[in-house]
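Trainee: No sequence on hand, only this structure:
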């Protein structure tokens with residue numbers, strides 16, 4: 001654009017000045033091209049990362065539904081539809097000599113396996129009659145149905161272990177060397193008490209009210225507990241900046257939340273250096289993988305218990321829906337691709353655990369119906385199951401909508417933070 005301006009100026013009789021300014025114009029044009037290339041490149045990387053996050057979630061769902069499908073087909077049970085996603089069908093395919101339709105739908109945020117109904121309407125009488133086909137899921141014994149219903153959960157657990165095993169063999173197992181202090185990993189509230197007092201991301205809190213923070217895996221949790229229980233009184237933080245400068249900051253947490261906690265608006269993590277331990281042989285790899293799997297499973301269960309105990313507290317803010325999962329996967333794809341396998345394991349474990357809950361509409365809820373049938377000797381009436389599942393579906397849709405709104409708000413907050421930087 002700059003060179004065209006120079007030519008217009010030359011036509012107006014300012015040839016000499018144009019020659020002097022031409023190099024500057026040319027340089028400006030080059031910088032503009034570089035900016036465009038950088039913007040396009042950044043957009044492509046962002047799109048690629050989002051596709052990675054979306055693909056990761058879709059793959060985890062695919063494995064879950066494949067568990068149901070394979071458990072059914074290996075027992076000769078008929079399957080009507082194997083679908084990835086919800087909403088309108090984009091593509092569908094029925095293999096030769098098969099009645100199962102494989103479909104990809106508009107919203108790849110879940111999936112389902114559908115089975116043929118065990119009832120049909122008689123065309124002549126208009127009455128409903130039960131089908132006696134032994135290959136229908138509903139006509140199979142309790143054990144067969146339990147295997148099919150639980151197979152999705154089992155598949156996700158196997159996927160989680162496989163992802164951890166691959167991670168252990170590719171990048172090793174993290175080993176933490178803990179140092180004194182706690183790191184301010186994030187300012188969760190830009191106008192909170194911590195930020196107002198001068199705390200910055202990356203600061204290391206060495207002491208609270210003169211008491212040194214000793215190195216340990218639980219030091220961040222312990223310090224957070226002290227802050228929450230401060231009742232809003234002034235706290236003295238001894239802080240070490242990222243450049244080595246040490247300062248004393250007085251922080252007065254805001255008091256109090258409905259649960260009685262004081263809040264400083266900061267997120268804390270242990271001050272640790274992470275190393276990697278590689279397995280020395282296949283048996284060592286299995287042992288390390290089992291340890292990591294156990295650790296992640298304990299954290300997943302502990303997180304769910306914490307959410308249940310603090311339904312009105314801050315724990316529920318950590319809940320994320322599919323959009324949040326895709327966003328986290330995209331962030332990892334951009335910044336730390338080596339962590340994607342562990343992220344896959346965590347999400348797969350979460351999906352298995354949530355589906356195992358004895359709630360209507362989930363695999364655990366269907367298992368509860370089967371358990372009642374096994375104990376009582378007769379199945380729960382179909383109408384009762386349909387009514388319970390219908391009510392549960394409404395609640396799940398409301399929860400999904402709430403999580404979607406929360407995910408969008410979080411993404412908006414992240415965008416605002418990036419803009420301010």
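Mentor: On my side now, so go ahead. Owing to the predicted nature of the structure, the values given are computational and were not obtained by experimental measurement.

Trainee: The stretch 1-150 of the chain: strands as residue ranges?
Mentor: 81-93, 101-114, 119-121, 128-130 (DSSP state E, counting those that start in this stretch).

Trainee: Of those, which is nearest residue 180?
Mentor: Closest of the strands of the stretch 1-150 of the chain to residue 180 is strand 101-114, at 43.9 Å (criterion: Cβ to Cβ). Placement of C-beta: from N, CA and C, glycine included.

Trainee: Buried residues, that closest one. List them.
Mentor: For strand 101-114, a neighbour-count test (16 or more other Cβ atoms under 10 Å) marks 101, 102, 103, 105, 108, 109, 110, 111, 112, 113 as buried.

Trainee: on that earlier part again, possible to save the strands of the stretch 1-150 of the chain as a markdown table with mean pLDDT?
Mentor: Output for these, formatted as a markdown table (pLDDT from 0 to 100):
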| stretch | mean pLDDT |
| --- | --- |
| strand 81-93 | 91 |
| strand 101-114 | 87 |
| strand 119-121 | 80 |
| strand 128-130 | 80 |
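
Trainee: so which of those strands gets nearest residue 289?
Mentor: That would be, of those and by Cβ to Cβ, strand 101-114, which comes in at 27.1 Å.

Trainee: Report the angle between that closest one and strand 81-93.
Mentor: On the basis of axes from the mean of the first three to the mean of the last three Cα atoms, to 10 degrees, strand 101-114 is oriented at 160 degrees to strand 81-93.

Trainee: rewinding a little: indicate which one of the strands of the stretch 1-150 of the chain is closest to residue 385.
Mentor: Closest among those, once you apply Cβ to Cβ, is strand 119-121, at 13.0 Å.

Trainee: can I get the strands of the stretch 1-150 of the chain in CSV with distance to residue 251?
Mentor: Converted to CSV, the strands of the stretch 1-150 of the chain look like this (distance: least, Cβ to Cβ, whole Å):
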stretch, distance to residue 251
strand 81-93, 46
strand 101-114, 40
strand 119-121, 66
strand 128-130, 68
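
Trainee: Would you quantify the distance from residue 301 to residue 352?
Mentor: Noted for residue 301: a distance of 11 Å to residue 352, by Cβ to Cβ, to the nearest Å.

Trainee: Residue 211 now?
Mentor: Using Cβ to Cβ, residue 211 is found at 41 Å from residue 352.

Trainee: And for residue 233?
Mentor: In this view, residue 233 and residue 352 are 44 Å apart by Cβ to Cβ.

Trainee: Which of those two has more residues huddled nearby?
Mentor: Neighbour count, other Cβ atoms under 10 Å: between residue 233 and residue 352, residue 352 has more, with 24 against 10.

Trainee: tally of neighbours for residue 294?
Mentor: Other residues lying near residue 294 total 11 when counted by other Cβ under 10 Å.

Trainee: Helix or strand: which one has it?
Mentor: Assigned by DSSP states H and E, residue 294 belongs to helix 282-309.

Trainee: on contacts alone, who are the packing partners of that helix?
Mentor: Counting contacts by 3 or more Cβ pairs under 8 Å, 6 or more residues apart in numbering; DSSP states H and E, helix 282-309 packs against helix 142-171, strand 173-186, helix 340-356.

Trainee: quick one: buried residues of that helix?
Mentor: Residues 285, 288, 289, 292, 293, 296, 297, 300, 303 are the ones in helix 282-309 that count as buried (16+ other Cβ under 10 Å).

Trainee: So in terms of bridging, what pairs with the residue nearest to residue 291 when sequence neighbours are not counted?
Mentor: On the basis of Cβ to Cβ, 6 or more residues apart in numbering, the spatially nearest residue to residue 291 that is not a chain neighbour turns out to be residue 173, at 7.5 Å. When assigned by DSSP bridges, residue 173 has beta-bridge partners residue 277.

Trainee: Can you give me the pLDDT of residue 173?
Mentor: Looking at residue 173, its pLDDT is 86.

Trainee: Please report how far it lies from residue 285.
Mentor: Taken as Cβ to Cβ, the span from residue 173 to residue 285 is 10 Å.

Trainee: any residues in contact with both of these two?
Mentor: Common neighbours of residue 173 and residue 285 (criterion: Cβ atoms under 8 Å, 6 or more residues apart in numbering): residue 279.

Trainee: which residues in the stretch 1-150 of the chain form helices?
Mentor: Assigned by DSSP state H, counting those that start in this stretch, the stretch 1-150 of the chain shows helices spanning 2-11, 15-73, 142-171.

Trainee: which stretch in those has the least confidence?
Mentor: Going by mean pLDDT, the lowest-scoring of the helices of the stretch 1-150 of the chain is helix 2-11, which has a mean of 39.

Trainee: Give me the mean pLDDT for the helix holding residue 294.
Mentor: Rounded mean pLDDT across helix 282-309 is 84.

Trainee: the inter-axis angle of it versus strand 173-186?
Mentor: Using the same axes, to 10 degrees, the inter-axis angle of helix 282-309 relative to strand 173-186 is 30 degrees.

Trainee: How far does helix 282-309 sit from its chain's centre?
Mentor: Taking Cα atoms, centre = their mean, to the nearest Å, one finds the center of helix 282-309 at 16 Å from the center of the full chain.
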